[in-house]
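Enquirer: turn this into a structure:
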Amino acid sequence: MKLLEFKGVAKNFSGLSVLEDVNLSVDQGEIVSLIGPNGAGKTTIFNLLTGVYQVSAGDIFFEGKKINGKPIQEIVDAGIARTFQNLRLFPNMRVIENVMVGDYHNQKYGFLDMMFRTRKFKEEERKATQQAVDILESIGMADKIDNYASDLPYGAQRRLEIARAIATNAKLILLDEPAAGMNGQETEELLEFVKSLQKRGFTILLIEHDMNLVMNISDRIYVLNHGRMIAEGKPAEISKNPAVIEAYLGTGGDGDDAES
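Expert: Numbers count the residues shown, from 1 in each chain. This is a model prediction of the structure:
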């Protein structure tokens, strides 16, 4: 079943074409990677998908429903959550509080309930706390619940950011360079963690420059260059594609800019 589809999507900024006729799909339960040189338009695709930008042409479908033009909150409510290349945790909040932030858009209490700490408020907070505990236990971070986010090792902070995305009740998780800044051991642990999410039924779309990670984790790979898709296929096919080798694999580039 197709969970996500881009159909003929284009994006222009002040007349400059950043994406042109992008067609992309992600099936439910897949891990799909999006790769390409710096400036290829990868992050623009994430920004279009999450409602930060609006498409200039084409449509984006999630579970068969068009989502381009929808407010960001509606896209989150539909089941799409995102992490960022640069960590966006609340460093001075506890681990469990960081996870609970992801669930706040689902809360059913109002401002007065919160101000007067009504029974409804307390029940919703109890449910959110239990969900956060369950998520942290499921990803092996139960012993870190009361730690401050700033005290965690870098790899654990990455897992925490993904845990917060899970707390939104996401069906599709967008990972923007999750291995950035990680050492070899942390990257290997991340690979196993993302695979475990797939086994639990999550669908993953990720942008990544670490080609060893991409080749070992992806069911399929899309390759973007100068705003156009130049290849799509399984890792073995992509690794042998001459156009991909010329455009990306041979460049050895790492890092990414704001509109990668």
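
Enquirer: wait, what's in contact with residue 220?
Expert: By CB atoms under 8 Å, 6 or more residues apart in numbering, the residues touching residue 220 are 30, 32-33, 232-234. Heads up, the C-betas are built off the backbone N, CA and C, glycines and all.

Enquirer: only whichever of those residues are buried, select them in ChimeraX.
Expert: Selection of buried members from the contacts of residue 220 for ChimeraX, criterion 16 or more other CB atoms under 10 Å:
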select :30,32,33,232,233
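
Enquirer: any chance of the contacts of residue 220 in a markdown table, plus pLDDT?
Expert: Listed next are those as a markdown table, based on pLDDT from 0 to 100:
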| residue | pLDDT |
| --- | --- |
| 30 | 98 |
| 32 | 98 |
| 33 | 98 |
| 232 | 97 |
| 233 | 97 |
| 234 | 98 |
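
Enquirer: so which of the contacts of residue 220 comes closest to residue 56?
Expert: Residue 56 lies nearest to residue 232 out of those, by CB to CB, at 22.1 Å.

Enquirer: and residue 143, how many neighbours?
Expert: Taking other CB atoms under 10 Å as the criterion, the count of residues near residue 143 is 10.

Enquirer: so it: helix, strand or coil?
Expert: Look at residue 143: counting by DSSP: H, G, I helix; E, B strand; the rest coil, its state is helix.

Enquirer: need the per-residue pLDDT for it.
Expert: Listed pLDDT for residue 143 reads 95.

Enquirer: just the contacts of residue 220: which are in strands?
Expert: Members of these lying in strands (criterion: DSSP state E): 32-33, 232-233.

Enquirer: which of the residues you listed sits closest to residue 121?
Expert: For the ones in strands among the contacts of residue 220, the residue nearest residue 121 by CB to CB is residue 32; the value is 39.5 Å.

Enquirer: picking that back up, which of the contacts of residue 220 lies closest to residue 205?
Expert: Using CB to CB, the contacts of residue 220 come closest to residue 205 at residue 32, 5.2 Å.

Enquirer: my read: the closest one touches residue 6, true?
Expert: No. In this structure residue 32 lies outside contact range of residue 6 using CB atoms under 8 Å: 11.6 Å.

Enquirer: can you pull the buried residues of stretch 196-216?
Expert: Neighbour counts over stretch 196-216 (16+ other CB under 10 Å) mark 197-198, 202-211, 213-215 as buried.

Enquirer: ditto for stretch 126-133
Expert: For stretch 126-133, the neighbour count (16+ other CB under 10 Å) marks 128-129, 131-132 as buried.

Enquirer: residue 152: neighbouring residues, count only.
Expert: Counted by other CB under 10 Å, the residues lying close to residue 152 total 19.

Enquirer: re earlier: out of the ones in strands among the contacts of residue 220, who's nearest residue 174?
Expert: The closest of the ones in strands among the contacts of residue 220 to residue 174 turns out to be residue 32 (CB to CB; 10.4 Å).

Enquirer: and the closest one, how far is that from residue 172?
Expert: As judged by CB to CB, to the nearest Å, residue 32 and residue 172 stand 10 Å apart.

Enquirer: before we move on, the earlier item: out of the contacts of residue 220, which is nearest to residue 225?
Expert: When these are compared for distance to residue 225 (CB to CB), residue 232 wins out at 12.4 Å.

Enquirer: any idea how far the closest one is from residue 203?
Expert: Applying CB to CB, the value for residue 232 to residue 203 is 17 Å.

Enquirer: likewise for residue 123?
Expert: From residue 123 to residue 203 the distance is 31 Å (CB to CB).

Enquirer: and what of residue 91?
Expert: From residue 91 to residue 203 the distance is 29 Å (CB to CB).

Enquirer: for residue 164, same thing?
Expert: According to CB to CB, residue 164 stands 17 Å off from residue 203.

Enquirer: can you find the helix or strand in this structure with the smallest mean pLDDT?
Expert: helix 111-116 (a mean of 70; mean pLDDT, DSSP states H and E).

Enquirer: how many residues are close by the nearest residue to residue 112 once chain neighbours are set aside?
Expert: Among residues not flanking residue 112 along the chain, residue 118 sits closest, at 7.5 Å (CB to CB, 6 or more residues apart in numbering). The number of residues packed near residue 118 is 14, by other CB under 10 Å.
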